[in-house]
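Undergrad: Here's a sequence, model it:
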Amino acid sequence: MEDLSTAAKLKDIPLWAFHGDADQAVKIEDSRQAVAAINAAGGKAKLTEYPGVGHNSWDNAYQNESLGAWFLTHSLD
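TA: Just a heads-up that it's a prediction; the model follows:
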């Protein structure tokens, strides 16, 4: 999220970010700042950091057994 001033627009959207701390494409600090800004605006964003993982954090994210249950707790209603 380049413009953190837009974080309030995301506060009502369920967000769970996953980021490897060895990511060379996107700095982990960007995800930390975005999640903090969304939460400061009243959101409930989550961030899971994977030590030693690069840009492919999705491999770890989709192995997280809690992710499927988290998806099912949200709807478009």
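Undergrad: contacts and neighbour counts: CA atoms only from here.
TA: OK.
Undergrad: who's in contact with residue 18?
TA: Residue 18 is in contact with 47, 48, 49, 50, 57, 58, 61, counting by CA atoms under 8 Å, 6 or more residues apart in numbering.
Undergrad: So which of those are in helices?
TA: Members of the contacts of residue 18 lying in helices (criterion: DSSP state H): 58, 61.
Undergrad: how about the helices of this protein, start to end?
TA: Using DSSP H, the helices of the chain run over residues 28-40, 58-61, 65-72.
Undergrad: CSV for those helices, including distance to residue 10 and mean pLDDT?
TA: Below are the helices of the chain laid out as CSV (distance: least, CA to CA, whole Å; pLDDT from 0 to 100):
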stretch, distance to residue 10, mean pLDDT
helix 28-40, 7, 96
helix 58-61, 21, 96
helix 65-72, 17, 94
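Undergrad: Please identify the most buried of those.
TA: A comparison of the helices of the chain by mean neighbour count, using mean count of other CA atoms under 10 Å, puts helix 28-40 on top with a mean of 18.
Undergrad: so how far is that one from its chain's centroid?
TA: Distance, stretch centre to chain centre, for helix 28-40: 8 Å (CA atoms, centre = their mean, to the nearest Å).
Undergrad: Start at 52, not 1
TA: All set: I'll call the first residue 52, so the last point we hit is now helix 79-91.
Undergrad: in terms of contact count, name the helices or strands touching it.
TA: With contacts defined as 3 or more CA pairs under 8 Å, 6 or more residues apart in numbering; DSSP states H and E, helix 79-91 has these neighbours: strand 67-71, strand 97-101.
Undergrad: contacts for that helix?
TA: The contact list for helix 79-91 (CA under 8 Å, 6+ apart) reads 52, 55, 58-59, 61-62, 68, 70-73, 95-98.
Undergrad: Can you pick out the most distant pair from those residues?
TA: Comparing all pairs in the contacts of helix 79-91 by CA to CA, the longest separation belongs to 59 and 73, at 28.2 Å.
Undergrad: Comparing the two, which residue is more hemmed in?
TA: A count of neighbours by other CA atoms under 10 Å puts residue 73 above the other of residue 59 and residue 73, at 18 against 15.
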